[in-house]
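Visitor: Pasting a predicted model and its sequence here:
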There are 2 protein chains.
Amino acid sequence: MRVLDHPLQADQARILCKALADPVRLTVIEALAGGERCVCDLTGELGLSQSKLSFHLKLLKEAGLLESRQQGRWIYYRLRVEALHSLQAWLAALAVRCERPASPCP
Amino acid sequence: MRVLDHPLQADQARILCKALADPVRLTVIEALAGGERCVCDLTGELGLSQSKLSFHLKLLKEAGLLESRQQGRWIYYRLRVEALHSLQAWLAALAVRCERPASPCP
DNA sequence: TTGATTCATCAACCAATTTTGATCTATGGT
DNA sequence: ACCATAGATCAAAATTGGTTGATGAATCAA
């Protein structure tokens, strides 16, 4: 099953979580879940200043959540679904560790 | 399927991610994945000062990742697996939104 | 009741992130 | 070549977060 691929280091999970732990970045992520978009689209759609958006896009990209391509003057960003799956897998593994059979009563 | 229960608001997901986005808190989480522990156990095991640990435990609890119970002088903390599942579900829902069929080529 | 132990809380300090506005680079149109 | 547009980058200011050491509250044992 897809969710169990990619066992992730705790530190990589932390980096992904950190990237997701900001309201601006979360709106960006959700906008991009709808498909690839160029920066100027996003500034309009989300009402963000250009440099603010650029700052967060860079951060998300460095965390591995986004990738981008250039087309003429425009730069298109899109979500890396693999990153979402990796984090899911890490959480799943953690949850499994919690669900060991209860020890015989104390 | 368990992973698809509990549809989560983006903001709750953000709060969970924020709580997970710190190295100290992540070691606490991983220690508690091994089972319930009292605070003084954790300070020893993780080599953290008492007030530092207490600060992070509070934060994790407020985020919904931990719960605690008192027994005599000791306070035992444990992971809330539901929180992990919620976040997993949120990620899964996001990933699904990304995987819509590609639009006919441009 | 006294003293020891466990844990929470507080204030002061330090460190990391975010925001803003300005400037810089690259691309494309004329 | 010149100008307009898209987006990255930078430094300073503002904000948020984490750490420390001290103090406080609750529990228990003697």
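Guide: Thanks, I have the structure now. Since we're looking at a predicted model, the values are computed, not measured.
Visitor: What pLDDT does the model give the residue nearest the centre of chain A?
Guide: Centroid-nearest residue in chain A: A:Leu65, 4.0 Å away (criterion: Cα atoms, centre = their mean). Looking at A:Leu65, its pLDDT is 98.
Visitor: Burial check on the nearest residue to A:Ala33 once chain neighbours are set aside, number of neighbours?
Guide: Spatially, and ignoring its direct neighbours in sequence, A:Ala33 is nearest to B:Arg97 (4.3 Å; Cβ to Cβ, 6 or more residues apart in numbering or on different chains). In short, each C-beta sits where N, CA and C put it, glycine included. When neighbours are defined as other Cβ atoms under 10 Å in any protein chain shown, B:Arg97 has 15 of them.
Visitor: just A:Pro23 next, same as before
Guide: By other Cβ under 10 Å, 10 other residues sit near A:Pro23.
Visitor: now swap in A:Asp11 and tell me
Guide: Quick note: A:Asp11 (other Cβ under 10 Å) scores 10 neighbours.
Visitor: And the next helix or strand past the strand or helix carrying it?
Guide: Per DSSP states H and E: A:Asp11 is located in helix A:10-20. Once the chain leaves helix A:10-20, the next helix or strand it forms, by DSSP H and E, is helix A:23-33.
Visitor: could you check the angle helix A:10-20 makes with that following helix?
Guide: Helix A:23-33 runs at 90 degrees relative to helix A:10-20, counting by axes from the mean of the first three to the mean of the last three Cα atoms, to 10 degrees.
Visitor: now check helix A:23-33, is it near DNA strand C?
Guide: Yes - using Cβ under 7 Å from any atom of the strand, helix A:23-33 reaches DNA strand C at A:Val24.
Visitor: tell me which residues in that helix are buried?
Guide: Within helix A:23-33, the residues scored as buried using 16 or more other Cβ atoms under 10 Å in any protein chain shown are A:25-29, A:31-33.
Visitor: same deal with stretch A:34-41?
Guide: For stretch A:34-41, a neighbour-count test (16+ other Cβ under 10 Å) marks A:37-39 as buried.
Visitor: From DNA strand D, how far out is the residue nearest to the centre of chain A?
Guide: Distance of A:Leu65 to DNA strand D, computed by Cβ to the nearest atom of the strand, to the nearest Å: 14 Å.
Visitor: all helices for chain A, in order.
Guide: A:10-20, A:23-33, A:39-46, A:50-62, A:81-98 (DSSP state H).
Visitor: And those: which comes nearest B:Gln12?
Guide: For these, proximity to B:Gln12 was assessed by Cβ to Cβ; helix A:23-33 is nearest, at 10.8 Å.
Visitor: The closest one - contacts with which helices or strands?
Guide: Helices and strands touching helix A:23-33, by 3 or more Cβ pairs under 8 Å, 6 or more residues apart in numbering or on different chains; DSSP states H and E, are helix A:10-20, helix A:39-46, helix A:50-62, strand A:74-79, helix B:10-20, helix B:81-98.
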